[in-house]
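J.: Below is the sequence, then the predicted model.
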Amino acid sequence: MRIALADDSALFRSGLVLLLQASGAKVTAEASSGDELIACLFPAGPAAADGPVDQERPDAVILDLRMPPTYTGEGISTAAAIRARDPDVGILVLSTFAEASHASQLMEAVGSGVGYLLKDTVTDAGNLISQLERIMAGETVLDPSVVRRLLARKRSAGKIETLNPRERDVLARMAEGRSNVGIAQDLFLSPRTVEAHVTSVFGKLGLGQTDTDNNRIRAVLAYLRSADDQD
Amino acid sequence: MLAQRRDHALKHLVARHEPDTLRPPADARGGPRPLRFYLRAGVILIALGSLDTVAQLPLWRQAPTLATVNLIMSLAFIVTGLMLRRERGQRGVAWALILAGVFRSLDFIDAWNTGPWPVYAVVFGGIDRVFGAYAVLRYPRPSLGRPQRIYLAVLTGWMLVTRSLVVVTSTATSAGYPASSWWPTITADPRLSGIFVIMEDAGDAVFGLVVVFFLVRRLTETKGLDRIVMAPVIVAGLAAVAAASATAVAQIFSNISKGPTDAFLAEGLVDFLLPLAFLVAVVQRALLARNLTGLSARVAARADLYGVRYALRETLHDPTLEVLDVSGATARASRGARSPDGPARELPTAPLPADALPSARPDRRLVEVIRTDAGAPIAVVIADAALERYRGLFDAAVRTSALALRNAQLQAEAARAELDSVRASRARIVEAALGERRRLERDLHDGAQQHLLGLAARLTAAMTRTRDPDATAAFGHVRAELGEVLAELRDLAHGIHPQTLVQSGLAAALEEIAERLPLAIQLNVAPYRVPPTVEAAAYFTACEALANAVKHARATRVRVVVRVTASHLEMEIADDGVGGADPSGKGLAHLLDRISAADGEAAIDSPPGRGTTIRARIPCG
């Protein structure tokens, strides 16, 4: 397993590198910021047109959520930039504090093959590696603390039944991490119509009327739960 | 005449549209009297006093009391006239009083009993009354009304004609004078003479009644300052008429040759009231200025437009007086173009309200503009045009009010500036506190948290490499404790300043709190971003309110509503707990402090048993 990572804390980075190596992974690139990592993975110039060199190409990147220059949500924008250049690489964003809205933004920006975990995961090597594997397999991984909180608050499963087929289509694509615009293109609808469907989905799931990030992720969770129930 | 006065008043109205209309104070008339004035007055007094003494020289022996009263009377009129000369627009009245005094002294010139003096006394003996009537009827107006002028002309004519007719139809002896005195008899006819005497007396009676009518009418018609000033004069005038009538009656029934000395004496004493009344009026007018002391105290006590209006109405005795606010109009007009050296040229463009002009004749109102030192109008004073006669008092009153209004404005500005600076400094403090929190959180995040996480990673790495069960168990122990420390540190950092608030705003941050509390929390939060200090104030307030709901109120449900308007963030947090919260308690007091530190306002409604509702409003414009 080839891993590239970016974190502005050298202490944490070196610990993580040690941990990954001890777990049998190979760290191909290390950077202290998202931009640095991108520059490292996708060097500018004509040779870069074909994408990263195969041996150096990571299977997954691990990104810190808060990085220079603003220490706010650089992890998410970096994830989006990497995904845009390499659609197959798995992306794991680590954060000291799990925030549902960030998880949702990440899903919106990257789609599938993405994970959002607490940095505390580094206390469990096995778990970290298995989550990375799931991400590389195209799954979406959310920190249990995020899921637990959202589920504790709203139990929306069952209400899925009240959705009409179109709304269910929209919700399924939301669960795949599509943005409203992406869903619109997929279903040959106008973005405005998609928005209306999204609002309607939220309404029927009892999530409030506006398209806040948390509502989006809750709706997806409700969908995933209902899918589990049916299996 | 009327047209001229209207022009005058119009000039005042029009003058509002020029910047420099606050005319120079009319101090010239109110100032100390110069020495020259006293010298001239003394000379005139001595001259006229001597004239009087000489004119009634024989009377000093025949009836010393009457002569004394006459002299004092004449001098009193003259003194009053001299004093009145200094009053604005009262020169005519002053001269009338002086002439009344002079002619009064000549009334008893017949005591010489020789030459033409007895004839003079009979024919011109009532002229002093004409001047007295003129003074009484005119004062304190600048001119005499038309009916009054006609009246005086007819009175003079009637008196001179009938008295002349009496003289030419009688002889000196029949009139009670020595035969030696000059007497222009045309035909000595006692019957005819008697008829003319009756005509003369009847005329006196009629003219007396007409004066009474005029005076009573004026007394009822005048109002305000005029009334205060005029009342003594009118009353004295009425008394003088009554005395004259009494004398006339006494003359009819007394022995003509002896002359009704007592009646003359009594009339003289009553007539003395007249100059006295004028003096009282003059003093009264001077005393009006004393009202200004009270005015300045009152406008200082309440220097707003209502206070000033009320004080001016009382002081100037004009219930129709209005003080209109024009500061707003100018502020609007000159906003953005305010320069200290160029005062706003445009004056209040807002039309005056109709009820400010009860007479519906704006040309009859007195208008004065009160301005700031820079020349910007603050207020307009609109008063009864009658106050034009008290221009000095009016101007002084307006100046006093203007001073108070200007001071009040300056104080208000100073207070506003102070408040602004306090607000600004408080905002800086809040900002600094917020910055400090952020810095702390970031220090924790970048420092201790990353350090510990790095250690945890190394520890985990080490664990994967060892096969020793004892070492693995020990590592596991340390790792578990490290996990607890990390969780605590995370909560601490988050409590100091939640990243969610910074990045996703109030709605997300409150949802996060709601998810962690064991309460049914209904959130209805406007998804708008507001300045960080406002978000932080609202967030921490909500946190404290929610903590209260859990800890003290034993609530099961809470509703949080946050609205964002153009200027404010409004928050309402209502729980279904036990209520009865004490706003001075530590938690709630802290909450209220937080809101007021953000320049907001908050209210706590917590009736026992009916839940607690906290409402806060924080400016965010």
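T.: Received the coordinates, thanks. In this text, all values refer to a predicted model and were calculated from it rather than measured experimentally. Numbers count the residues shown, from 1 in each chain, chains lettered A, B, ... in the order given.

J.: Excluding covalently adjacent residues, which one is nearest to B:Ala100?
T.: Residue nearest to B:Ala100 in three dimensions, not counting chain neighbours: B:Phe131, with 3.8 Å by C-beta to C-beta, 6 or more residues apart in numbering or on different chains. For every residue, glycine as well, the C-beta is placed using N, CA and C.

J.: What pLDDT is listed against the one you found?
T.: Looking at B:Phe131, its pLDDT reads 90.

J.: give me the element it is part of.
T.: If you go by DSSP states H and E, B:Phe131 is part of helix B:127-138.

J.: Next secondary structure after that helix?
T.: That would be, after helix B:127-138 and using DSSP H and E, helix B:146-168.

J.: is it true that the residue nearest to B:Ala100 touches B:Leu97?
T.: Yes. If you go by C-beta atoms under 8 Å, B:Phe131 and B:Leu97 touch, sitting 7.2 Å apart.

J.: Compare the two and say which one has the larger neighbour count.
T.: Set B:Phe131 next to B:Leu97 and count neighbours by other C-beta atoms under 10 Å in any protein chain shown: B:Leu97 wins out with 30 against 24.

J.: Chain neighbours aside, what residue packs nearest to whichever residue of the stretch 351-500 of chain B sits closest to chain A?
T.: Across the stretch 351-500 of chain B, no residue is closer to chain A than B:Ala457, which sits at 3.0 Å (C-beta to the nearest C-beta). By the measure of C-beta to C-beta, 6+ apart, the closest residue to B:Ala457 outside its immediate chain neighbours is A:Gly15, 3.0 Å from it.

J.: Equivalent analysis for A:Ser32, please.
T.: A:Asp8 (5.0 Å).

J.: For the one you found, the count of nearby residues, please.
T.: A:Asp8, neighbours per other C-beta under 10 Å, totals 20.

J.: and stretch A:60-77 with chain B, contact?
T.: Yes. Contact of stretch A:60-77 with chain B (C-beta under 8 Å from any C-beta of the partner chain) involves A:Arg66, A:Tyr71, A:Thr72, A:Gly73.

J.: Export those as CSV, with columns for neighbour count and secondary structure.
T.: Compiled in CSV, those are given as follows (neighbours: other C-beta atoms under 10 Å in any protein chain shown; DSSP: H, G, I helix; E, B strand; the rest coil):
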residue, neighbour count, secondary structure
A:Arg66, 23, coil
A:Tyr71, 16, coil
A:Thr72, 16, coil
A:Gly73, 23, coil
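
J.: Domain map for chain B?
T.: The record's domain split for chain B, according to automatic domain parsing, is B:2-21+B:34-285, B:302-334+B:343-419, B:423-496, B:499-619.

J.: quick one: low-confidence parts of the stretch 201-350 of chain B?
T.: Residues of the stretch 201-350 of chain B meeting the criterion pLDDT under 70: B:251-252, B:254-261, B:328-350.

J.: and what of chain A?
T.: For chain A, the ranges with pLDDT under 70 are A:45-55, A:148-158, A:176-178, A:209-214, A:224-231.

J.: one step back: let me know the angle separating the helix holding B:Phe131 from helix B:146-168.
T.: Angle of helix B:127-138 versus helix B:146-168, following axes from the mean of the first three to the mean of the last three C-alpha atoms, to 10 degrees, is 170 degrees.

J.: Where does B:Ile614 sit: helix, strand or coil?
T.: Judged by DSSP: H, G, I helix; E, B strand; the rest coil, the three-state class of B:Ile614 is strand.

J.: In chain B, mark out all the strands, start to finish.
T.: Ranges of strands within chain B are B:322-325, B:365-371, B:377-384, B:520-525, B:557-564, B:568-575, B:601-605, B:613-619, based on DSSP state E.

J.: how about those strands, which one is nearest A:Gly115?
T.: strand B:520-525 (27.9 Å; C-beta to C-beta).

J.: which strands and helices sit next to that closest one?
T.: Judged by 3 or more C-beta pairs under 8 Å, 6 or more residues apart in numbering or on different chains; DSSP states H and E, the packing partners of strand B:520-525 are helix B:506-516, strand B:557-564.

J.: about what we covered before: quick one: closest of the strands of chain B to B:Phe77.
T.: strand B:377-384 (31.2 Å).

J.: Partner strands of that closest one and their direction?
T.: Applying DSSP bridges, strand B:377-384 is found paired with strand B:322-325 (antiparallel), strand B:365-371 (antiparallel).

J.: Which single residue of chain A ends up nearest chain B?
T.: Taking C-beta to the nearest C-beta as the measure, the point where chain A comes nearest chain B is A:Gly15, at 3.0 Å.

J.: The residue of the stretch 351-500 of chain B closest to chain A: what's it in contact with?
T.: For B:Ala457, the contact set (C-beta atoms under 8 Å, 6 or more residues apart in numbering or on different chains) comprises A:Phe12, A:Gly15, A:Leu16, A:Leu18, A:Leu19, A:Val122.

J.: Look up how far A:Leu128 lies from the nearest residue to the last one once chain neighbours are set aside.
T.: It stands for A:Val122. What sits nearest to A:Val122 in space, not counting adjacent residues and going by C-beta to C-beta, 6+ apart, is B:Ala457, at 4.2 Å. Separation of B:Ala457 from A:Leu128 (C-beta to C-beta, to the nearest Å) stands at 9 Å.

J.: Spell out which residues are contacts of both of the two.
T.: With C-beta under 8 Å, 6+ apart as the test, B:Ala457 and A:Leu128 both reach A:Leu19, A:Val122.

J.: With adjacent residues omitted, what lies nearest to the residue minimising distance to the centre of chain A?
T.: Centroid-nearest residue in chain A: A:Val114, 3.7 Å away (criterion: C-alpha atoms, centre = their mean). Spatially, and ignoring its direct neighbours in sequence, A:Val114 is nearest to A:Ile91 (4.9 Å; C-beta to C-beta, 6+ apart).

J.: A helix includes that neighbour, no?
T.: No. A:Ile91: not assigned to a helix; according to three-state DSSP it is strand.

J.: How many residues are close by it?
T.: Using other C-beta under 10 Å as the criterion, A:Ile91 is surrounded by 26 other residues.

J.: Next, B:His552: phi, psi?
T.: phi -100, psi -40 (degrees, to the nearest 10).

J.: Can you report how many residues lie near the closest residue to it other than its chain neighbours?
T.: Excluding the flanking residues, the one nearest B:His552 by C-beta to C-beta, 6+ apart is B:Ala581, at 6.9 Å. Using other C-beta under 10 Å, B:Ala581 has 25 neighbouring residues.

J.: doesn't B:Leu591 make contact with B:Ala581?
T.: No. Using C-beta under 8 Å as the test, B:Ala581 is too far from B:Leu591 to be in contact (10.3 Å).

J.: Give the residues shared as contacts by these two.
T.: B:Asn548.
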